[in-house]
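Asks: Below are the sequence and a predicted model for it; my questions follow.
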Amino acid sequence: MSNNYANNVKSSIAVNPTFKAICEFNIQQFPVDGYSRYYSQLRNGTAILQTAEQLNTYLASYADMHQHKLNLAFASLFAKVDFNNKSAEIIDWGCGQAFASCVIIDFIKNNNINLDLSKFTLIEPSSMALQRGLEHIDAIYQRKPKPKTYSINEKADTSLSIKGYQSSSKIKIHLFSNVLDIHSLDLNQVFKNVTSNFDGLNYFVCVSPINRLRLQTFYKMFGQSDLLSSNGSSIVTEVFRPSAMRKITKSISRVEYIFKTNL
């Protein structure tokens, strides 16, 4: 992978500035021997990524299924809530390369939703993935002026003090994509981080491949909250399979919990 990743991405997607185009760019860059060399380093998607090769492998391997699951979750959210002519801040927990932030950008564009995403707060322990996430948002989000972006190079369950970054008057949309199902994640600390740092109206989009119980546990911690969607199902979608160097159609599982609360 080139050291000039951001410029290469912008150049390759100039005609079609979407996260889907970024994913296709990374698939095209995936080396023929990438599966044997790097795939095991991802530890089934739970490793803290340290190299450009690992970032490329993760994005090429998992982006298709993540996008599909997130699009279904955002369809659930926007079917229940009218965000037109409003402004919101995005908080992307354990964001990796900002998959969830980028998919919501694409979703509101593709569905002609007039929601201004004025600020992104990305929380991620991998500094390289965090930088890629900022580059991905910059490449696809055509808002002028560009949104404010904050990067927090920490785990989602590290004690965080980031209240000063937030605006109490703005709607907050928290994205938890393939994070809450990780058993080593301390849900109690994540809950404390949310409630101690974010005021006002908060929406939560929680998506995972498995472990409905952990998502349900997190939702119930908020007490007086409104459940907008709870769904667990298998879906069929096309995904890139790195071992075969081609796309295949396969069934994948997904769980979502979407709710809102006032803090």
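Replies: Received the coordinates, thanks.

Asks: Do a quick rundown of the helices in the stretch 1-150 of the chain.
Replies: For the stretch 1-150 of the chain, helices defined by DSSP state H, counting those that start in this stretch occupy the ranges 5-12, 19-29, 34-38, 52-80, 99-110, 127-140.

Asks: deepest of those, which one?
Replies: Using mean count of other Cβ atoms under 10 Å, the stretch among these with the largest mean neighbour count is helix 99-110, at a mean of 23. (Each C-beta comes from the backbone N, C-alpha and C, glycine too.)

Asks: How far off centre is that one?
Replies: 9 Å (Cα atoms, centre = their mean, to the nearest Å).

Asks: Could you give the average pLDDT over that helix?
Replies: Per-residue pLDDT values across helix 99-110 average out to 97.

Asks: Can you name every helix or strand that that helix contacts?
Replies: helix 19-29, helix 52-80, strand 86-93, strand 115-123, helix 127-140, strand 171-177 (3 or more Cβ pairs under 8 Å, 6 or more residues apart in numbering; DSSP states H and E).

Asks: Try it again at 6 Å.
Replies: With contacts defined as 3 or more Cβ pairs under 6 Å, 6 or more residues apart in numbering; DSSP states H and E, helix 99-110 has these neighbours: helix 19-29, helix 52-80, strand 86-93, helix 127-140.

Asks: Looking at those, spot the one closest to Arg241.
Replies: With Cβ to Cβ as the measure, helix 52-80 is the member of those nearest Arg241 (8.2 Å).

Asks: Would you mind identifying the helix or strand in this structure with the lowest mean pLDDT?
Replies: Least confident helix or strand of the chain, by mean pLDDT, DSSP states H and E, is strand 226-241 with a mean of 91.

Asks: Adjacent strands (with direction) for that one?
Replies: Here strand 226-241 is paired, per DSSP bridges, with strand 246-262 (antiparallel).

Asks: Buried residues, the partner strand. List them.
Replies: By 16 or more other Cβ atoms under 10 Å, the buried positions in strand 246-262 come out as 252, 254-261.

Asks: Relative to Lys192, which of the residues you listed is nearest.
Replies: Ranked by distance to Lys192 (Cβ to Cβ), these are led by Thr261 at 14.6 Å.

Asks: where's the closest residue to the closest one other than its chain neighbours relative to Phe204, distance?
Replies: Leaving aside its chain neighbours, Thr261 sits nearest to Ser225 (3.7 Å; criterion: Cβ to Cβ, 6 or more residues apart in numbering). To Phe204, Ser225 is 8 Å away according to Cβ to Cβ, to the nearest Å.

Asks: And Asn8, by the same measure?
Replies: 34 Å.

Asks: still on that earlier bit, what number of residues lie near the residue nearest to Thr261?
Replies: 17 (other Cβ atoms under 10 Å).

Asks: pLDDT score assigned to it?
Replies: At Ser225, pLDDT is 94.

Asks: Residue ranges in the chain under the pLDDT threshold?
Replies: Low-confidence segments of the chain (pLDDT under 70): 1-3, 167-168.

Asks: and if we set it to 80?
Replies: 1-3, 164-169, 211 (pLDDT under 80).

Asks: Dead centre of it: give me the residue that sits there.
Replies: The residue lying closest to the centre of the chain (Cα atoms, centre = their mean) is Ala100, at 2.2 Å.

Asks: what sits against that one?
Replies: Counting by Cβ atoms under 6 Å, 6 or more residues apart in numbering, Ala100 makes contact with 70, 92, 175, 177.

Asks: Show me which pair in the residues you listed is furthest apart.
Replies: Pairwise over these, using Cβ to Cβ, the maximum falls at Leu70 and Asp92, 11.2 Å.
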